[in-house]
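In: generate coordinates for the sequence data below:
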Amino acid sequence: MISSKSLFVILLVFGIGGLAAKTQLPRLVVNFEWSKENLCQNGISPELKIQGIPIETTKLKWNLTDLQAPAYNHGGGTLVYLGTNTIPKGTLIGYNGPCPPMNSPHVYKFSIKALDAEGKVIAFGTGKRRCNRWQLRH
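Out: Purely as a prediction, here's the structure:
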C-alpha cells in the first residue's frame, strides 16, 4: 500500500514532469505590423510572418487579444497550413481589428498554435504590437 506521503511525492514528480513537457513545445516567432486598413470592425487582417513552424503542422490556430481589454473578442480561428511561413493579409476569417480609444493606445497579441494531423498542439508562439489609432489615421 502506498502512503499518502509517497503518493504526494509521486504526484509531485509526475506533475512537474508533465508541466515541463508542456513548456518544452517549440516556440514560434510571430511578426506583424499594424496599418490603418487593419483597424476596427471593418479592418482586414494584417500579414503575419511566422518562423519555426514544424514540418508536421497541418493547421494553425490563431487568436487576437487586446491586453488592456482581454474580454473583448477580436477573433480567432483555425487555418489549413499550406507550408508557407506567411499568412497573407485578409486571410483570417473572423478577424475583428484593433480599435482602441483615439487617445489611448493598446497592446494587442496574436497567439498562434501549430497543430498536427491529430489536432495536437506541437508549437506555440505570440507576437505583440502597440496600436495607436490616432497615429495610424494620420
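
In: can you pull up the most central residue in this protein?
Out: residue 111 (0.6 Å; CA atoms, centre = their mean).

In: and the helix or strand it falls within, average pLDDT?
Out: Using DSSP states H and E, residue 111 maps to strand 106-115. Averaged across strand 106-115, the pLDDT comes to 98.

In: which parts of that strand are buried?
Out: By neighbour count on 16 or more other CB atoms under 10 Å, the buried set for strand 106-115 is 106, 108, 109, 110, 111, 112, 113, 114, 115. C-betas here are computed from N, CA, C, even on glycine.

In: correct me, but the fourth one touches residue 64?
Out: Yes. In this structure, residue 110 is within contact of residue 64 by CB atoms under 8 Å, at 5.6 Å.

In: how far away from the center of its chain is the strand holding residue 111?
Out: Strand 106-115 has its C-alpha centroid displaced from the chain centroid by 2 Å (CA atoms, centre = their mean, to the nearest Å).

In: which helices and strands does it pack with?
Out: strand 48-51, strand 59-66, strand 121-131 (3 or more CB pairs under 8 Å, 6 or more residues apart in numbering; DSSP states H and E).

In: mean neighbour count for those - can I get that in a markdown table?
Out: Formatted as a markdown table, the helices and strands packed on strand 106-115 follow (neighbours: other CB atoms under 10 Å):
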| stretch | mean neighbour count |
| --- | --- |
| strand 48-51 | 18 |
| strand 59-66 | 19 |
| strand 121-131 | 16 |
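
In: need the pLDDT of residue 136.
Out: pLDDT, residue 136: 70.

In: is it in contact with residue 37, as I believe?
Out: No. With contact defined as CB under 8 Å, residue 136 does not count as touching residue 37 (9.2 Å).
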